[in-house]
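Novice: got a structure for you, letters missing:
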């Protein structure tokens with residue numbers, strides 16, 4: 001955006017308002033009159049126009065301190081909730097965010113991208129996808145890009161998320177799996193990860209949630225095996241059991257005697273507070 005052009009545009013609008021003719025002679029403006037209310041409204045709109053112009057100029061001025069530019073962005077994002085009053089400035093505000101999305105300052109760049117992503121902005125989506133496909137084009141980390149793309153409900157992002165998952169490590173793998181939670185083609189992936197004792201606990205927990213959402217029956221079969229497996233990790237057994245309890249609380253289903261026996265025994269023998277709490281919740285759910 002051309003900052004000088006933007007400033008001149010709003011200064012012209014201010015001058016135009018300032019040249020408005022005063023009320024005709026002899027026409028008094030009394031407190032509470034229609035003329036006074038109109039004048040007040042004009043003043044308020046002039047103040048808003050001037051304020052928005054000043055904030056945009058500050059926001060896009062890379063010579064200003066990051067803290068000052070960030071404060072300007074926060075105020076602008078608040079003003080954007082004014083509804084119709086902010087409508088005249090929305091296009092320029094959106095363009096300012098797009099300019100800021102490639103700013104050298106990471107803090108400002110990520111804030112602008114988040115605001116754009118929440119608005120499902122196609123330009124922000126393009127930037128984020130390009131960064132995931134081409135590392136040298138990335139403007140945020142892969143994990144952050146996936147988080148922001150999570151605001152977009154387009155199913156065509158699933159293949160990209162799977163590719164990122166296969167090459168990624170750490171938190172990026174987790175974010176990729178979260179994006180796949182509604183992708184039917186990822187059911188087998190979630191099932192495999194949930195059953196893999198060599199996987200990180202966070203990956204298995206996310207997989208449990210994903211599989212439960214995509215195929216509740218497949219999740220229940222896997223969860224029962226995990227709960228009964230004394231060699232599996234306590235936190236994963238607790239997570240699986242808590243999910244089974246939640247499923248039982250939300251729908252009627254016959255109680256499995258073998259599972260009841262396993263859970264009752266586990267409740268009496270385990271030293272894990274988390275696992276014991278999951279057992280108690282499950283047993284309560286079976287009595288409803």
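Specialist: All right, it came through fine. Since we're looking at a predicted model, the values are computed, not measured. Residues are numbered from 1 along each chain as shown.

Novice: so residue 66 sits against residue 105, correct?
Specialist: Yes - if you go by Cβ atoms under 8 Å, residue 66 and residue 105 touch, sitting 5.3 Å apart. Heads up, the C-betas are built off the backbone N, CA and C, glycines and all.

Novice: which elements pack onto the regular element (helix or strand) spanning residue 244?
Specialist: Secondary structure from DSSP states H and E places residue 244 in helix 234-250. Helices and strands touching helix 234-250, by 3 or more Cβ pairs under 8 Å, 6 or more residues apart in numbering; DSSP states H and E, are helix 201-214, helix 216-228, helix 257-269, helix 273-286.

Novice: got CSV for the ones you listed, with mean neighbour count too?
Specialist: Formatted as CSV, the helices and strands packed on helix 234-250 follow (neighbours: other Cβ atoms under 10 Å):
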stretch, mean neighbour count
helix 201-214, 20
helix 216-228, 18
helix 257-269, 14
helix 273-286, 18
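
Novice: out of these, which gets nearest to residue 86?
Specialist: Nearest of those to residue 86, taken as Cβ to Cβ: helix 201-214 at 37.4 Å.

Novice: which strands and helices sit next to the closest one?
Specialist: helix 171-179, helix 187-195, helix 216-228, helix 234-250.

Novice: got the buried residues for the last one?
Specialist: In this case it means helix 234-250. For helix 234-250, the neighbour count (16 or more other Cβ atoms under 10 Å) marks 234-245, 247-248 as buried.

Novice: also stretch 61-80?
Specialist: Neighbour counts using 16+ other Cβ under 10 Å place 69, 70, 72, 73, 75, 76, 77, 79, 80 of stretch 61-80 among the buried residues.

Novice: need the pLDDT of the third one.
Specialist: In other words, residue 72. On pLDDT, residue 72 comes in at 96.

Novice: test my guess that residue 204 contacts residue 196.
Specialist: Yes - the pair residue 204 and residue 196 passes the contact test of Cβ under 8 Å, sitting 7.2 Å apart.

Novice: what touches both of the two?
Specialist: Overlap of the contact sets of residue 204 and residue 196 (by Cβ atoms under 8 Å, 6 or more residues apart in numbering) is empty.

Novice: tally up the residues packed near residue 135, please.
Specialist: Using other Cβ atoms under 10 Å, residue 135 is surrounded by 9 other residues.

Novice: go on, the one 5 residues further on?
Specialist: As a burial measure, residue 140 scores 20 neighbours (other Cβ under 10 Å).

Novice: and for residue 170?
Specialist: Here the number of neighbours of residue 170 (other Cβ under 10 Å) works out to 11.

Novice: who's in contact with it?
Specialist: Here residue 170 is in contact with residue 143 (Cβ under 8 Å, 6+ apart).

Novice: confidence score at it?
Specialist: 92.

Novice: with residue 252 instead?
Specialist: pLDDT, residue 252: 59.
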